[in-house]
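**Q** Here's a sequence, model it:
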Amino acid sequence: MKIVLLENIKKLGKKDEIVEVSDGYARNVLIAKGQALAATPENLNNVKLKNKNEEKKDENMRRLANEHKDILEKEIFKLGIKAGANGKTFGSVTSKEIAEVIEKSSKIAVDKKEILLDESIKNIGKYEVKVRLYKDIVAVLKLEVIES
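**A** Presented below is the predicted three-dimensional model:
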């Protein structure tokens, strides 16, 4: 029996995939638990429409992320922080502070979890910071840490 999976099932397939399983397993386990639907023409059409919508959404998100990447990579972001006489900061610059500076100056909201710091920033100076904007789109922006 052909079925459409509604969720990822180990050793069987991924969500929205059409697989062939025995009739008993399909009816008594997968369909009964709500993990699959019978592969009727209506259900197959719904899956195709859903996949097209997801592809379109993915394409739009990718385009938007590339636009944001271009904007972020052109600008130099300045972050003021308290520092001692030798240029050492009191504490380190956090990804939350970086996200706030990005949003304040470029009006682009960036999740602090998507800021990829190779090492903590503990000195005054210029740094390159990677920001993941979408699945595989990463912007490398210039951050200048200055004494406030």
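
**Q** contacts, neighbours, all on C-alpha from now
**A** Will do.

**Q** pLDDT value on the residue nearest to residue 114 when sequence neighbours are not counted, please?
**A** In space, and not counting its chain neighbours, residue 114 is closest to residue 132: 5.1 Å by Cα to Cα, 6 or more residues apart in numbering. pLDDT, the model's per-residue confidence, is 96 for residue 132.

**Q** looking at this, residue 132 is in a strand?
**A** Yes. Assignment of residue 132 by DSSP: H, G, I helix; E, B strand; the rest coil places it within a strand.

**Q** Next, count neighbours for it.
**A** Number of residues near residue 132 (other Cα atoms under 10 Å) recorded here: 19.

**Q** so what's it bridging to?
**A** Counting by DSSP bridges, residue 132 is bridged to residue 138.

**Q** From residue 2, how far off is it?
**A** Here the distance between residue 132 and residue 2 works out to 39 Å (Cα to Cα, to the nearest Å).

**Q** Could you do residue 16 as well?
**A** 12 Å.

**Q** if you count what's nearby, which of these two comes out ahead?
**A** Here residue 16 and residue 2 are set side by side on neighbour count (other Cα under 10 Å), and the busier one is residue 16, at 20 against 16.

**Q** quick check, that one in a strand?
**A** No. Assessed by three-state DSSP, residue 16 does not belong to a strand; its assignment is coil.

**Q** do you know how far it is from residue 40?
**A** Relative to residue 40, residue 16 is positioned 13 Å away (Cα to Cα).
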